[in-house]
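**Student:** This is a predicted model, with the sequence first.
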Amino acid sequence: MNENTKNMILAAAVSLIFIGLWDYFYAFPEMDRQRRAQSEQTRLAKTPKLGAPDQRVAAPSAAKIAPKTRAEALALSPRVGIETRSISGSIALKGARIDDVSLKNYRETVDPSSPIITLLSPEDGPSPYYAELGYLTAETENAPALPTTETLWTADADQLTAARPLTLSWDNGQGLVFKRIISVDDEYLFTVKDSVENKAGAPVTLYNYARVSRVGHPPSAGYAALHEGFIGVVGDAGQEVTYDKIEKEDNAVKTFKGVGGWVGLTDKYWGAVVAPNQNAPMEARFASMGGAVKTYQADTVSDPATVQPGASAEATTYVFAGAKVVDVLDAYKENPGLKRFDLLIDWGWFYFITRPMFRLIDFLYKLLGNFGLAILSVTVIVKLAFLPLANKSYQSIAKMKAVQPKIKELKEKYGDDKHKFNMEQMELFKREKINPASGCLPVIVQIPVFFSLYKVLVVTIEMRHAPFFGWIKDLSAPDPTNIFNLFGLLPFDPTHIAIFGPYLALGVWPLFMGVSMWLQMKMNPEPADEIQKTMFAWMPVIFTFTMGGFASGLLIYWTWNNLLSIVQQGVIMKRAGVKFEFWDNLRKTFQRA
């Protein structure tokens, strides 16, 4: 194994160890901390309300009262039910908020009897999270009465379905009549058409606003490669700000301006977004408000529109509240034309690799009926695609093995004169037409593939609760078995042990992965340097403990890739006439033991 190959493998090892250290010494403890904090926040405070006249930027007030249960909070307002193929819930007639949405096709765990996912919740209950639309006015004197969070709207039906829109109305008693027509499709998109008719004797100038509000820091999924928090596209620019980073902005507010776009809040698999007219200018804002209990708000406000007496004005706003399904988001990008709406999924900087990787896996899943088989097939396809490159690389390694006796002679000849030895070694490589760097290529090729697959498993809801075979019921989750509790025979979870727990997630597939990596390393002679020899001997062990808590789909890929690499390298070595040292290395290892 040449120096460059060793260095590349070391670099890959350091990268994986860094991800593991982040996820298990910071991200997962942080996730537990946030869950505890969320429970405490819900116990201590009620949702802050935004005041007038500029409801969009006013500071919240925090009332220290005990929160109500979800059922009690829902009962505080008359409601219109929502029932579609994908969602159920209700709209509060008080304030006309979309604040009760559950996702019928997704459950909290792999158990089919577990509760369905609750996404949006009313402000007076636990974990408030809702979307709201309304009007603002710049007038400070003789300002007309506008709908507020306390306004009770009148509905023309008792249920909103994909087949039947809902019309809400409210008369301010001063000549302004407000109407709101809400429709919803069979997935997760609400279309809200607001209109105001001016029957008064003077013109009125209004702004339309839309916002998504969330009370309390939500629990994090705990992945370094995953964005959770504020998200949006304003104009043509994508925007992402975490809940923690918004606090570092001036007054905990960040503003954007552009033509068209959308803003909202995103979790790992779910999102809530408001999107105004895609062809009109808008100002968008991410903000954090409140004291001990924060309200996180993503909102937009339109340019002012003046409604003359006897005239009316209309505005259309889209509200997305649901699962971040790739095909669904792509469809909304096309119709109604939400700008770059696929970016609601955190594809990352390597979008151009991750998206095709997902599409390939999804295609194979539809063909094979199992995401695990799709991952195995992708591994084979990647191997075949880079076969010529890998062949050259392994041929170079074979040539390097063939000249090892000559290199050994050079070492004996020049002793401690490293400069002279390196010069003569390079001359030897030139004569034998060996490129030492080519041995790095298999590792370099695997890095983007590994990262893209890791990203797909982490961010796409299609992988959530996707089973493989046997005990693997969720490819996006770690292997549920564990050697330290004898695979479930002992009644405790080793991963909950303080400090070391995250590194004790050693199930069957992590062990398979570690063994396959160890076998692959036995394809090559041990390094002469004692430090490198020790490091490479321990590397499979380090990887096994570090990656034990990774998504099982990733471990299945890595194990299968290692086995394919062993076969591929063995065939190439044999064809090159180089001694196949695999069995000799294994025999030496056990003889030593």
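**Tutor:** Cool, the structure landed. Numbers count the residues shown, from 1 in each chain.
**Student:** measure residue 408 to residue 421 for me?
**Tutor:** Distance of residue 408 to residue 421, computed by CB to CB, to the nearest Å: 11 Å. Yep, even glycine has a C-beta here, placed from its N, CA and C like the rest.
**Student:** In terms of neighbours, single out the busier of these two.
**Tutor:** residue 421 (16 against 11; other CB atoms under 10 Å).
**Student:** Might you report the residue contacts of the more buried one?
**Tutor:** Residues counted as contacts of residue 421 (CB atoms under 8 Å, 6 or more residues apart in numbering) are 410, 411, 414.
**Student:** I'd like those as CSV, with pLDDT and neighbour count appended.
**Tutor:** Listed next are those as CSV, based on pLDDT from 0 to 100; neighbours: other CB atoms under 10 Å:
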residue, pLDDT, neighbour count
410, 80, 18
411, 78, 15
414, 77, 16
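**Student:** So which of those sit within helices?
**Tutor:** Counting by DSSP state H, the part of these found in helices is 410, 411, 414.
**Student:** In contact with the second one, which residues are there?
**Tutor:** In other words, residue 411. Applying CB under 8 Å, 6+ apart, the residues contacting residue 411 are residue 421.
**Student:** Show me where the stretch 451-593 of the chain has its strands.
**Tutor:** Using DSSP state E, counting those that start in this stretch, no strands are found in the stretch 451-593 of the chain.
**Student:** For it, give me the ranges with low pLDDT.
**Tutor:** 500, 525-530, 532, 576, 578-581, 583, 590-593 (pLDDT under 70).
**Student:** What is the distance between stretch 73-84 and the centre of its chain?
**Tutor:** 30 Å (CA atoms, centre = their mean, to the nearest Å).
**Student:** go on, stretch 264-271?
**Tutor:** With CA atoms, centre = their mean, you get 8 Å for stretch 264-271.
**Student:** contacting residues around that stretch?
**Tutor:** 103, 106, 117, 119, 129, 212, 214, 218, 221, 223, 226-232, 272-274, 296, 298, 320-324, 344, 346, 458-459, 461, 464.
**Student:** Quick check: buried residues in the longest helix along the chain?
**Tutor:** Determined from DSSP H, the single longest helix within the chain is helix 552-575. Buried residues in helix 552-575, counting neighbours by 16 or more other CB atoms under 10 Å, are found at 552-562, 564-566, 568-569, 572-573.
**Student:** Go ahead and produce CSV holding the CA coordinates of stretch 196-214.
**Tutor:** This file holds the C-alpha atoms of stretch 196-214, laid out as CSV (Å, rounded to 0.1, in the frame of the first residue of the first chain):
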residue,chain,number,x,y,z
VAL,A,196,-61.2,43.0,1.0
GLU,A,197,-64.0,45.2,-0.3
ASN,A,198,-64.1,48.9,0.5
LYS,A,199,-67.6,50.1,1.1
ALA,A,200,-66.4,53.1,3.1
GLY,A,201,-66.1,56.7,1.8
ALA,A,202,-62.3,56.9,1.9
PRO,A,203,-59.5,54.9,0.4
VAL,A,204,-57.6,52.5,2.6
THR,A,205,-54.0,51.3,2.2
LEU,A,206,-53.2,47.8,3.4
TYR,A,207,-50.3,45.3,3.5
ASN,A,208,-50.8,41.5,3.3
TYR,A,209,-48.7,39.5,5.7
ALA,A,210,-48.2,35.8,6.2
ARG,A,211,-46.2,34.0,8.9
VAL,A,212,-45.3,30.7,10.5
SER,A,213,-44.8,30.8,14.2
ARG,A,214,-43.3,28.2,16.6
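**Student:** looking at the chain, which residue lies furthest from center?
**Tutor:** residue 413 (56.5 Å; CA atoms, centre = their mean).
**Student:** Can you name the next helix or strand after the helix or strand harbouring residue 300?
**Tutor:** Residue 300 is part of strand 295-302, with elements assigned from DSSP states H and E. Sequence order places strand 305-307 as the next helix or strand after strand 295-302, per DSSP H and E.
**Student:** What residues sit buried inside that following strand?
**Tutor:** 305, 307.
**Student:** Let me know the average pLDDT across it.
**Tutor:** Averaging pLDDT along strand 305-307 gives 93.
**Student:** Neighbouring strands - and their directions - for it?
**Tutor:** According to DSSP bridges, strand 305-307 forms sheet pairs with strand 204-215 (antiparallel).
**Student:** can you give me the angle the partner strand makes with strand 295-302?
**Tutor:** 160 degrees (axes from the mean of the first three to the mean of the last three CA atoms, to 10 degrees).
**Student:** what comes up buried for strand 204-215?
**Tutor:** Quick answer for strand 204-215 (16+ other CB under 10 Å): 204, 206, 207, 208, 209, 210, 211, 212, 213, 214, 215.
**Student:** Mind pulling up the pLDDT for the fifth one?
**Tutor:** Looking back up the chat, that one is residue 209. For residue 209, pLDDT reads 96.
**Student:** I'd like the distance between the nearest residue to it once chain neighbours are set aside and residue 208.
**Tutor:** Distances taken as CB to CB, 6 or more residues apart in numbering put residue 301 closest to residue 209, at 4.6 Å, once the chain neighbours are dropped. Note on residue 301: its distance to residue 208, by CB to CB, is 7 Å.
**Student:** Likewise for residue 287?
**Tutor:** For residue 287 relative to residue 208 (CB to CB), the value is 18 Å.
**Student:** Residue 292 too?
**Tutor:** Distance from residue 292 to residue 208, by CB to CB: 32 Å.
**Student:** Repeat that for residue 429.
**Tutor:** 70 Å.
**Student:** Over to residue 557?
**Tutor:** Between residue 557 and residue 208 the distance is 48 Å, computed by CB to CB.
**Student:** who's in contact with residue 301?
**Tutor:** 56, 136, 207, 208, 209, 282, 283, 285.
**Student:** So which bits of the strand or helix carrying residue 395 are buried?
**Tutor:** Assigned by DSSP H and E, residue 395 belongs to helix 387-402. Residues of helix 387-402 classed as buried by neighbour count (16+ other CB under 10 Å): 390, 393, 394, 395, 396, 397, 398, 399, 400, 401.
**Student:** Can you add pLDDT and distance to residue 472 and give those back as JSON lines?
**Tutor:** As requested, the buried residues of helix 387-402 are exported to JSON lines (pLDDT from 0 to 100; distance: CB to CB, whole Å):
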{"residue": "390", "pLDDT": "73", "distance to residue 472": "28"}
{"residue": "393", "pLDDT": "72", "distance to residue 472": "32"}
{"residue": "394", "pLDDT": "69", "distance to residue 472": "31"}
{"residue": "395", "pLDDT": "71", "distance to residue 472": "37"}
{"residue": "396", "pLDDT": "72", "distance to residue 472": "37"}
{"residue": "397", "pLDDT": "70", "distance to residue 472": "34"}
{"residue": "398", "pLDDT": "70", "distance to residue 472": "37"}
{"residue": "399", "pLDDT": "73", "distance to residue 472": "41"}
{"residue": "400", "pLDDT": "73", "distance to residue 472": "39"}
{"residue": "401", "pLDDT": "72", "distance to residue 472": "38"}
